[in-house]
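K.L.:
Just need the structure, nothing else, for what follows:
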Amino acid sequence: MGLIMTILENRKNAFEHKFILDKEKSFKLRVMASKAFAQWAADEMKLDEESAKELSREVVDFSVSSKDNNSIIDFIKKLLSEYKKEFSTHYLEKILQEKLESCRSRII
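P.N.:
Below you'll find the model as predicted:
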């Protein structure tokens, strides 16, 4: 019985470890994609480097707390509209998806 319990405990630990790694990857992906999306928005708004960095920090902070891509898109859309840059939600979803895919290939 001891060997079976050891094997089961090892499997449980392996699954827990994989779960943690998957969560870490997901978090890193979200942060990287948010930064890339913010940089795209900063370029569209023609912000200087310091303002672009500040925007990136704001978007990353917002994305970490929101956990929802629609909220990030709405946040960016609102910021863009303040600079008289109007984009459809669908277009912004496409841009964010491109950023996610690009960052995913760098993480995996």
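K.L.:
so where's this protein uncertain?
P.N.:
Within the chain, the stretches with pLDDT under 70 are 1, 108.
K.L.:
So for it, which residue is the most central one in space?
P.N.:
By C-alpha atoms, centre = their mean, the chain has its centre lying nearest to residue 30, at 1.8 Å.
K.L.:
OK, contacts around residue 94?
P.N.:
Not one residue lies near residue 94 by C-beta atoms under 8 Å, 6 or more residues apart in numbering. (Each C-beta comes from the backbone N, C-alpha and C, glycine too.)
K.L.:
Which helix or which strand is home to it?
P.N.:
Using DSSP states H and E, residue 94 sits in helix 89-107.
K.L.:
What segments of this protein are strands?
P.N.:
Counting by DSSP state E, one finds no strands in the chain.
K.L.:
Mind jotting down where the helices sit in it?
P.N.:
With DSSP state H as the criterion, the chain has helices at 2-45, 49-66, 69-82, 89-107.
K.L.:
Could you check the angle the last one makes with helix 2-45?
P.N.:
For helix 89-107 against helix 2-45, the angle between stretch directions is 130 degrees (axes from the mean of the first three to the mean of the last three C-alpha atoms, to 10 degrees).
K.L.:
cool, and the second one?
P.N.:
Counting by the same axes, to 10 degrees, helix 49-66 lies at 140 degrees to helix 2-45.
K.L.:
just the third one next, same as before
P.N.:
Helix 69-82 and helix 2-45 meet at an angle of 10 degrees, taking the same axes, to 10 degrees as the criterion.
K.L.:
name the helices or strands packed onto helix 69-82?
P.N.:
When contacts are defined as 3 or more C-beta pairs under 8 Å, 6 or more residues apart in numbering; DSSP states H and E, helix 69-82 packs onto helix 2-45, helix 49-66, helix 89-107.
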